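*Asks:* return atomic coordinates for the entry below.
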Amino acid sequence: MADFGTSVSAIAGIAAGAGIIILFGIFFVPTMNPDPEKTWISYEPTQCSTPPWIDNWNQLHPEQNFRMLPQDEQYQVIKEYYQEIRIPVHDVKYRISSSPNCAACGCSAGYIVDFQVNETDVNKLRENILKATVQIR
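*Replies:* Here you go, the predicted model:
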């Protein structure tokens with residue numbers, strides 16, 4: 001006759017080991033979620049507005065003119081500004097606006113800023129720009 005006591009304890013031990021491995025996987029191994037999709041959104045400043053990152057820069061560095069910084073440094077300032085308010089900006093680019101150019105407040109400042117952000121952050125970025133854009137003092 002076979003000894004079932006040994007077989008049952010061996011199976012119980014294997015099951016317990018498998019259970020521990022499964023629990024370890026659930027609690028200690030990070031999930032493999034894909035990166036959120038990235039998208040580009042654009043902002044076209046007007047003549048009488050100051051983008052929020054420039055307003056912030058002017059308050060922190062009154063002795064320096066943001067627009068005099070090299071373009072790469074401007075991009076870095078923009079990324080750092082948004083990093084501080086928890087909106088990761090992956091890339092920034094400027095391009096020339098095709099909007100009519102005039103000196104009136106509602107007219108384009110002549111350029112467009114393109115931001116590459118996670119799709120989940122698009123509304124936060126738009127809200128920040130709309131709320132923080134201030135009139136030139």
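*Asks:* just checking, next helix/strand downstream of the helix or strand residue 76 falls within?
*Replies:* Using DSSP states H and E, residue 76 sits within helix 71-84. Tracing the chain past helix 71-84, the next element assigned as helix or strand by DSSP H and E is strand 89-96.
*Asks:* low-confidence regions, the chain specifically.
*Replies:* Within the chain, the ranges that satisfy pLDDT under 70 run 1-36, 132-137.
*Asks:* now the strands for it?
*Replies:* Remark: strands of the chain, listed N- to C-terminal, are 38-43, 49-50, 89-96, 111-118, 134-135; assignment by DSSP state E.
*Asks:* any idea which of these is most buried?
*Replies:* strand 49-50 (a mean of 20; mean count of other C-beta atoms under 10 Å). For glycine as for every other residue, the C-beta is placed from the backbone atoms N, C-alpha and C.
*Asks:* strand partners of it, parallel vs antiparallel please.
*Replies:* Each strand paired with strand 49-50, and its direction, by DSSP bridges: strand 134-135 (antiparallel).
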